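Visitor: Model the following, please.
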Amino acid sequence: FLNKVCTFIADIDYGKIQLYAGNYDFWYESSQLALKQMKDANKKKEEKIKELLSGLNENQRAAVEYCQGASLVVAGAGSGKTRVLTYKIAYLIMMCGVLPYRILALTFTNKAAKEMQSRIGQLVSHDDAKQLYMGTFHSVFSRILRAEADKLGYERNFTIYDESDSRSLIKTIVKSLGLD
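Guide: Okay, here's the model as predicted:
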């Protein structure tokens, strides 16, 4: 479909495109369109983040914008922790380029995890939110153990017993061995 063989290399770095083309005229229009779309997308992201950050106090904003490594948010009930964590995860994905599957978010309840995942999905995308390692301590580490079970010498379909299940199993074993 082309009259000439074209060489096209696009170097995309923070919204700038540098073109090296054998047939420059052919690529110029499409590169300008791509550049405009990228600038529009970045502008929308920046506007969305500014809107999110404007509703936070100074300490909350600092927690959201910190991107230099792991962070721990400790605050009292009703202080906006869930909102800060939700915004922080969105900020990491949208502004810092962190891939969702590289984020670990732990909660104490399944309800909180589902709520946070839903909120993050509304801010970034539901596909990105599904890639997060997010949930309760138990559910996240169970997921990791299952993924790495073969390295530990276990099958992936192992069962984790809680205290009640453990007691019931021991009673059954003791009874079956006639040790009761």
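
Visitor: Just give the nearest non-adjacent residue to D128, would you?
Guide: In this structure, D128 finds its nearest non-sequential neighbour in P100, 4.5 Å apart by C-beta to C-beta, 6 or more residues apart in numbering. From N, CA and C alone the C-beta is placed, and that goes for glycine too.

Visitor: Who are the contact partners of the one you found?
Guide: I93, V124, D128, A129, Q131, L132 (C-beta atoms under 8 Å, 6 or more residues apart in numbering).

Visitor: Put together a markdown table for the residues you listed, with neighbour count, distance to D150 and pLDDT on each row.
Guide: Formatted as a markdown table, these follow (neighbours: other C-beta atoms under 10 Å; distance: C-beta to C-beta, whole Å; pLDDT from 0 to 100):
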| residue | neighbour count | distance to D150 | pLDDT |
| --- | --- | --- | --- |
| I93 | 23 | 30 | 90 |
| V124 | 20 | 32 | 89 |
| D128 | 19 | 28 | 91 |
| A129 | 21 | 28 | 91 |
| Q131 | 14 | 22 | 91 |
| L132 | 23 | 24 | 90 |
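
Visitor: From those, which land in helices?
Guide: When DSSP state H is applied, the contacts of P100 are split such that I93, D128, A129, Q131 fall in helices.

Visitor: Out of those, the closest to A147 would be?
Guide: Comparing those against A147 with C-beta to C-beta places Q131 closest, at 13.6 Å.
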